[in-house]
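>>> got a predicted structure plus its sequence, pasted below:
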Amino acid sequence: MAATVDGDERVMAAAQQIVKSLGTSKNVTEDMILILSSFDNRLSTITELLSKGGGGAGRSKTEERFEEAEKIVLRWESKSGTYRHHSSPWEDSPDEAAAYLSAVDEILQLTEDLTLSSDGEVMDRAESVLQLAMSRLEEEFRHILIRNTVPLDAEKLYGSIRRISLSFTSNDGDIEDFESSAEDEHESCSEERGGILGDDLSADLIHPDAIADLKEIADRMIRSGYEKECCQVYCSVRRDTLDECLSILGIEKLSIEEVQKIEWKSLDEKMKKWIQAVKIVVRVILIGERRLCDQVFGGSELIKEVCFSETAKGCVMQLLNFGEAIAIGLRSSEKLFRILDMYEALADVLPDLQSLFSDESCNFVYGEARGILAGLGEAAKGTFAEFENAVQSETSRKTIQGGEVHPLTRYVMNYIRLLVDYSDSLNFLLEGSTDDTDRFDGDNDEALKLGSTSPIGNRLRSLISSLESNLEEKSKYYEDTAMQYVFLMNNILYIVQKVKDSELGKLLGDHWVRKRRSQIRQYATSYLRASWSKVLSCLKDEGIGGGGSLSNVSKVALKERFKSFNLGFEEICRNQTAWKVPDPQLREELRISISEKVLPAYRSFVGRFGSHLESGRHAGKYIKYTPEDLENYLLDLFEGTPAVLHNPRRKLST
């Protein structure tokens, strides 16, 4: 046993001599470790000594800590090739990832240690290893961002409209079918689409589990002075994601010149998509992006502001560029509703943009948005003025068959009804406008007395007044004076009904409606006079002879009277059964008015003079109709279908 101890002592003495002779040559030391460790287990102590000594007993604990951290970084770098095209060590080996970050922390701490700065060689090695680590962390940061981005498809993005309550109005611009198409599309565009992107307005843009890893890496890179590289990676990846979101929403990168060359039907679709995209991007995507920046870069106010601004401003500017193209584009009446939708959508999110881009370095985005909003407002005002001028100057001379409602009347009134939905915006935009005060009619004076005026109310009164003047001119294209009044009755009544059945009634007031109803009654009176006066004159006593005595009546004159009445009545019926009064109440009121004028006069005339002809030959040739026959024929008036009068050849009973 003693011999064994003596042998060990000799071996240890020899080892110490070897160590002394090796000095600080690290490479030779490592080779010797491998040789000695193969001799015998008894040499394990020597091996441990050499390993820890690292070439000399004089090495400080600071250097030892550094080398341990260095080994971890270098070992991971040797592994990096294995993971470069597969899953990341951060995802596969969270414990090893934590050890790597701890090693980086250790190196950072040591580089900040004043004692290390006295050894230039070690400091150089530390900076080199740190640079290697930052390169690796930058790669991991990019990989985690890309791999953990939450996929957003069109269904999810459009589903968020349920949360932000977008609604749209429509105007297709076709004068013939505007009434139905505009209202139908207005309803369909207002429907909410299914699907929700979360419990709040913002969306999770990155899987929540990955955010902690991103923050851990960002903190180290910022602490190491690599914040620029970290921001560049973050902004590059997130910009690509936002570009993809815009693409999903149907927002293309188009120049102003390209937008202005698009034909209306296609442009209308792009404007609708823009309206939806503005609120989705600001209220869902950018709020989520802001939250992500806060989570990843919460340790630095400046860096999170810079990263958010650099990430989001390109997306917002792409949206604003389209808005600018619309604002400065050619003005036409069919664009007004879409422009107002765009104006309201942008106005709605403007406070959010101000909040999101509040930092001085990026408040130009908010300034741009305000400028585009003002431009859209001016475009809306200008387009409205174009529409007013178009109504005034519409000079088509084509008459409408049957005296029905003119397409211009349908177009304008349905256009106006939809405009009422934008009363708040239009009142704001038109406030102080005096462009059209000279065109206000007497209704405006009454409205002023009642204190019920508003900018949009005044302009709509003026617009409808222009329409009525235009209709007066169009009525003159009918050769038949009676039809002129039927045409005016149909059109003014249509206007009144559109006003009463909508919010227009509140804007224009009861006095306005009463005045138009009185006007319709005046037209009805004028119609009766123009259409039936000649026929009724045949039923008067004057000119028949007899000097006031029924016994001296001239049968020749009497026959001529009945003949003239029959011809006149038949002509009116043939013509006016083809005329059209669409409103059933007005149609019935006109028939009643005619009956009250014609039937009593005919019944009285036949009662007084019918006996003078009944005793003669061919009495039925002159007294062709009974009062009941006339009443039945009058029921066919204004149906829009020409009627054929059949002579009943009935003998009039006394």
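Good, I have the coordinates.
>>> please make it C-alpha for all contacts and neighbour counts, starting now.
Noted.
>>> centre-most residue in the protein?
For the chain, the residue whose C-alpha lies nearest the mean C-alpha position (C-alpha atoms, centre = their mean) is residue 275; its distance is 2.8 Å.
>>> what helix or strand does that one sit in?
Secondary structure assigned from DSSP states H and E places residue 275 in helix 264-280.
>>> with only the CA atoms kept, save the helix or strand just after that helix in CSV.
Moving toward the C-terminus from helix 264-280, the next helix or strand (DSSP H and E) is helix 287-296. Output in CSV follows, covering the C-alpha atoms of helix 287-296 (Å, rounded to 0.1, in the frame of the first residue of the first chain):
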residue,chain,number,x,y,z
ILE,A,287,-53.5,48.3,-33.5
GLY,A,288,-52.2,44.7,-33.3
GLU,A,289,-48.9,45.8,-34.8
ARG,A,290,-48.6,48.6,-32.2
ARG,A,291,-49.3,46.1,-29.5
LEU,A,292,-46.7,43.7,-30.9
CYS,A,293,-44.0,46.5,-31.0
ASP,A,294,-44.8,47.3,-27.4
GLN,A,295,-44.4,43.7,-26.3
VAL,A,296,-41.2,43.1,-28.2
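>>> tell me which other helices or strands helix 287-296 touches.
Using 3 or more C-alpha pairs under 8 Å, 6 or more residues apart in numbering; DSSP states H and E, the elements in contact with helix 287-296 are helix 208-223, helix 301-327.
>>> rebuild these as CSV, extending it with distance to residue 76 and mean neighbour count.
Formatted as CSV, those follow (distance: least, C-alpha to C-alpha, whole Å; neighbours: other C-alpha atoms under 10 Å):
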stretch, distance to residue 76, mean neighbour count
helix 208-223, 15, 18
helix 301-327, 28, 20
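>>> reformat the ones you listed as TSV; add distance to residue 472.
Formatted as TSV, the helices and strands packed on helix 287-296 follow (distance: least, C-alpha to C-alpha, whole Å):
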stretch	distance to residue 472
helix 208-223	69
helix 301-327	36
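>>> need the ones you listed in TSV with mean pLDDT, can you?
Shown next, in TSV, are the helices and strands packed on helix 287-296 (pLDDT from 0 to 100):
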stretch	mean pLDDT
helix 208-223	91
helix 301-327	93
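>>> between those, which gets nearest to residue 253?
Residue 253 lies closest, by C-alpha to C-alpha, to one member of these: helix 301-327, at 6.8 Å.
>>> chain center to the closest one, what's the gap?
19 Å (C-alpha atoms, centre = their mean, to the nearest Å).
>>> next: stretch 410-419.
When C-alpha coordinates are averaged (C-alpha atoms, centre = their mean), stretch 410-419 and its chain have centres 20 Å apart.
>>> one more: stretch 145-154?
Offset of stretch 145-154 from its chain centre (C-alpha atoms, centre = their mean): 25 Å.
>>> surely the residue nearest to the centre of the chain and residue 349 touch.
No - taking contacts as C-alpha atoms under 8 Å, residue 275 lies outside contact range of residue 349: 11.0 Å.
>>> packing partners of the helix holding residue 275?
Checking 3+ C-alpha pairs under 8 Å, 6+ apart, helix 264-280 ends up next to helix 154-159, helix 161-164, helix 336-356.
>>> dump it to PDB, restricted to CA.
What follows is helix 264-280, C-alpha atoms only, in PDB (Å, rounded to 0.1, in the frame of the first residue of the first chain):
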ATOM      1  CA  TRP A 264     -65.800  53.300 -63.500                       C
ATOM      2  CA  LYS A 265     -67.200  49.800 -62.800                       C
ATOM      3  CA  SER A 266     -63.700  48.500 -61.900                       C
ATOM      4  CA  LEU A 267     -62.900  51.700 -60.000                       C
ATOM      5  CA  ASP A 268     -66.100  51.400 -58.000                       C
ATOM      6  CA  GLU A 269     -65.000  48.000 -56.800                       C
ATOM      7  CA  LYS A 270     -61.600  49.200 -55.800                       C
ATOM      8  CA  MET A 271     -63.200  52.100 -53.900                       C
ATOM      9  CA  LYS A 272     -65.400  49.700 -52.000                       C
ATOM     10  CA  LYS A 273     -62.400  47.500 -51.100                       C
ATOM     11  CA  TRP A 274     -60.500  50.600 -50.000                       C
ATOM     12  CA  ILE A 275     -63.300  51.700 -47.700                       C
ATOM     13  CA  GLN A 276     -63.300  48.300 -46.000                       C
ATOM     14  CA  ALA A 277     -59.500  48.100 -45.900                       C
ATOM     15  CA  VAL A 278     -59.000  51.500 -44.200                       C
ATOM     16  CA  LYS A 279     -60.900  50.400 -41.100                       C
ATOM     17  CA  ILE A 280     -59.600  46.900 -41.000                       C
END
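>>> what angle sits between it and helix 287-296?
40 degrees (axes from the mean of the first three to the mean of the last three C-alpha atoms, to 10 degrees).
>>> now helix 264-280: buried residues?
For helix 264-280, the neighbour count (16 or more other C-alpha atoms under 10 Å) marks 267, 268, 270, 271, 272, 274, 275, 276, 277, 278, 279, 280 as buried.
>>> just the CA trace of the helix or strand containing residue 487, in CSV.
Remark: residue 487 resides in helix 481-500, with elements defined by DSSP H and E. Presented in CSV, the C-alpha positions along helix 481-500 are these (Å, rounded to 0.1, in the frame of the first residue of the first chain):
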residue,chain,number,x,y,z
THR,A,481,-102.2,70.1,-72.9
ALA,A,482,-104.1,67.7,-70.7
MET,A,483,-101.2,65.2,-70.8
GLN,A,484,-98.8,67.9,-69.7
TYR,A,485,-100.7,68.2,-66.4
VAL,A,486,-100.9,64.4,-66.0
PHE,A,487,-97.2,64.3,-66.5
LEU,A,488,-96.6,67.0,-63.9
MET,A,489,-99.0,65.4,-61.5
ASN,A,490,-97.2,62.0,-61.8
ASN,A,491,-93.8,63.5,-61.3
ILE,A,492,-94.5,65.9,-58.4
LEU,A,493,-96.4,63.2,-56.6
TYR,A,494,-93.5,60.9,-57.0
ILE,A,495,-91.2,63.6,-55.5
VAL,A,496,-93.6,64.1,-52.6
GLN,A,497,-93.8,60.4,-51.9
LYS,A,498,-90.0,60.0,-51.9
VAL,A,499,-89.8,62.8,-49.4
LYS,A,500,-92.4,61.5,-47.1
